[in-house]
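In: Provide a 3D model corresponding to the input given below.
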Amino acid sequence: MNEEKMTNLLADEIKQLIKERYYEYLEEGYESFEAMELAKKDVYETKSSEIGSFEKLYGSSIEID
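Out: Numbering: from 1, shown residues only. Reported below is the predicted structural model:
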């Protein structure tokens with residue numbers, strides 16, 4: 001799989017997660033604009049945190065005896 005295709009898949013997944021969180025916030029009673037802002041914030045904070053954890057785990061040198 002080439003890098004461009006992977007990037008598009010990631011972008012599509014992020015859009016889907018934002019959409020899901022958006023509808024959850026709407027159900028909780030938030031106004032549309034606020035729901036979208038909160039959804040984006042949640043998804044991007046989670047993405048940043050998970051990528052940071054992934055890089056820490058797999059970016060460090062692992063020694064195997």
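In: Now for the residue nearest to Arg21 when sequence neighbours are not counted, how many residues are close by?
Out: With sequence-adjacent residues excluded and distances taken as CB to CB, 6 or more residues apart in numbering, Arg21 is closest to Ala39, at 3.7 Å. C-beta here means a position set from N, CA and C on the backbone, and glycine is covered the same way. Applying other CB atoms under 10 Å, we find 21 residues neighbouring Ala39.
In: Likewise for Asp12?
Out: Residues contacting Asp12 under the criterion other CB under 10 Å number 10.
In: ok, Asn8 to Ile18 distance?
Out: Noted for Asn8: a distance of 16 Å to Ile18, by CB to CB, to the nearest Å.
In: Tell me which of those two has more neighbours.
Out: With neighbours defined as other CB under 10 Å, Asn8 and Ile18 compare such that Ile18 has more, 17 against 11.
In: Next up, the contacts around that one.
Out: By CB atoms under 8 Å, 6 or more residues apart in numbering, Ile18 lies in contact with 36, 39-40, 43.
In: Please flag which of the residues you listed sit within helices.
Out: Among the contacts of Ile18, DSSP state H puts 36, 39-40, 43 in helices.
In: Make a ChimeraX selection of the buried ones in those.
Out: Isolation of the buried members of the ones in helices among the contacts of Ile18 (16 or more other CB atoms under 10 Å) is achieved in ChimeraX through the command below:
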select :36,39,43
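In: Need the ones in helices among the contacts of Ile18 in CSV (columns: distance to Ser49).
Out: Shown next, in CSV, are those (distance: CB to CB, whole Å):
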residue, distance to Ser49
Met36, 20
Ala39, 16
Lys40, 15
Val43, 11
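In: In terms of helices and strands, where is Tyr22?
Out: Per DSSP states H and E, Tyr22 falls inside helix 3-27.
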